[in-house]
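Engineer: predicted model follows, preceded by the sequence.
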Amino acid sequence: MHRLIREGLKFAAVGGMGYVVDIGLFNALLFSGGEGPLHDLPLVAKTISVTAATIVTYIGHRAWTFRHRTRIKHSRGYPLFFLFNGIGLGIALSCLWFSRYVLDLSGPLADNISANVVGLALGTLFRYWSYRTWIFPANARPTTRTSTDVPASSNAA
């Protein structure tokens, strides 16, 4: 339980850095100077900001949060990490889309609540589960052998 709490706190710290990158870039793209460069394209702005945050969080999680867990190859880890972040992004985009285009709510407060509070919270729960399960799995077996272990190839007759 202690390890899970420590891991959760590290996940939150790295996620916090990603969150700052995400909301900072999202708001700069939408609202800097009143109307940002992507003011009329909130879904594009969110996609760009989440992509930047994903790069930051992958590095942090691999180097710190889950460093004690089994490491899968980069060739498998990167695609999975980006796939699961893509699903998390889809969750946030769905919330932002629903708020903007179904409820007709727009502006800094509405966009940030839908994308960066509701959408991000739901996406984070999904990402934490998927990272622990698929990208940084727990060791299924100890990596050290004891003196009582007998190699499978030695058959004493």
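Structural biologist: Yep, it's here.

Engineer: what packs against the longest helix belonging to the chain?
Structural biologist: Scanning the chain for the longest helix, with DSSP state H as the assignment, gives helix 2-31. If you count contacts as 3 or more C-beta pairs under 8 Å, 6 or more residues apart in numbering; DSSP states H and E, helix 2-31 packs onto helix 42-60, helix 108-113, helix 120-130. C-beta: built from backbone N, CA, C; applies to glycine.

Engineer: for residue 36, find the nearest of those helices.
Structural biologist: helix 42-60 (7.4 Å; C-beta to C-beta).

Engineer: sort out which residues of the closest one are buried, please.
Structural biologist: Across helix 42-60, burial judged by 16 or more other C-beta atoms under 10 Å covers 42-43, 45-54, 56-58, 60.

Engineer: low-confidence bits of this structure, can you list those?
Structural biologist: 68-74, 139-157 (pLDDT under 70).

Engineer: swap the cut-off to 80 and go again
Structural biologist: Applying pLDDT under 80 to the chain picks out residues 1, 3, 65-78, 135-157.

Engineer: what's the burial count for the closest residue to residue 64 other than its chain neighbours?
Structural biologist: Using C-beta to C-beta, 6 or more residues apart in numbering and skipping residues adjacent in sequence, the residue nearest residue 64 is residue 10, 5.9 Å away. For residue 10, the neighbour count with other C-beta atoms under 10 Å is 16.

Engineer: residue 10 is in contact with residue 62, isn't it?
Structural biologist: No. If you go by C-beta atoms under 8 Å, residue 10 and residue 62 don't touch, sitting 11.7 Å apart.

Engineer: helix, strand or coil for residue 38?
Structural biologist: For residue 38, the assignment made with DSSP: H, G, I helix; E, B strand; the rest coil gives coil.
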